[in-house]
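Enquirer: curious how this folds, go ahead:
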Amino acid sequence: MPKATTTSKPTLKPTRTSTPVTTPKPSPARTPARTPATTPASTAKPTPAPTSDPSCPRIRKSWDTLTAAEKETFVSAIEIAMDRGLYQKFVLIHQEQMGNREAHGTCVFLFWHRKFLLGFENMLRSLGGQYKCLTL
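Expert: Coordinates of the predicted model:
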């Protein structure tokens, strides 16, 4: 029968014998990125916000107060916009917004339609020539 071996009891107090521990060497320091040269501040004046042509102020009139020539100009502009498919694009934009309730049934109804009509008016004015001063 084999002889039983005795094991020593674990030490409860720390020992004074040092245990070799390898300390990892620090990695070399990274070279900081170069700071780009600063660009001098521009001395030019900022570009002003686009404005409408001062010779074409946007004066809103009721349809009833338009002259026959003004009515004819408006109808002609609408016909050109329809021929070019521009009118239909605005119809689709309006229909799309009706579907997701962004333009109707909310507190932004008036704001949305004001911006929509301004865009429509700008489209008509972009037809150029006799339409450049058209106002809805």
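
Enquirer: which stretches of this protein form helices?
Expert: All helices of the chain, identified by DSSP state H, fall at 68-83, 86-99, 109-125.

Enquirer: ranking those helices by mean pLDDT, which is last?
Expert: Here the lowest mean pLDDT among the helices of the chain goes to helix 86-99, at a mean of 89.

Enquirer: take the helices of the chain and lay them out in a markdown table including mean neighbour count and distance to residue 62.
Expert: Where C-beta positions appear, they are placed from N, C-alpha and C, glycine not excepted. Below are these laid out as a markdown table (neighbours: other CB atoms under 10 Å; distance: least, CB to CB, whole Å):
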| stretch | mean neighbour count | distance to residue 62 |
| --- | --- | --- |
| helix 68-83 | 13 | 11 |
| helix 86-99 | 13 | 22 |
| helix 109-125 | 14 | 15 |
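
Enquirer: for residue 60, which of those is the nearest?
Expert: helix 109-125 (9.9 Å; CB to CB).

Enquirer: might you calculate how far the closest one sits from the centre of the chain?
Expert: Computed by CA atoms, centre = their mean, to the nearest Å, the chain-centroid distance of helix 109-125 equals 19 Å.

Enquirer: go on, stretch 74-81?
Expert: 32 Å.

Enquirer: just to revisit the earlier point, of all the helices of the chain, which lies closest to residue 30?
Expert: Judging the helices of the chain by CB to CB, what sits closest to residue 30 is helix 109-125, at 51.8 Å.

Enquirer: excluding its backbone neighbours, what's nearest residue 56?
Expert: Among residues not flanking residue 56 along the chain, residue 133 sits closest, at 3.6 Å (CB to CB, 6 or more residues apart in numbering).

Enquirer: residue 88 now?
Expert: In space, residue 88 is closest to residue 82, 7.3 Å off (CB to CB, 6+ apart).

Enquirer: returning to that earlier point: surely the residue nearest to residue 56 meets residue 121?
Expert: No. Judged on CB atoms under 8 Å, residue 133 makes no contact with residue 121 at a distance of 10.6 Å.
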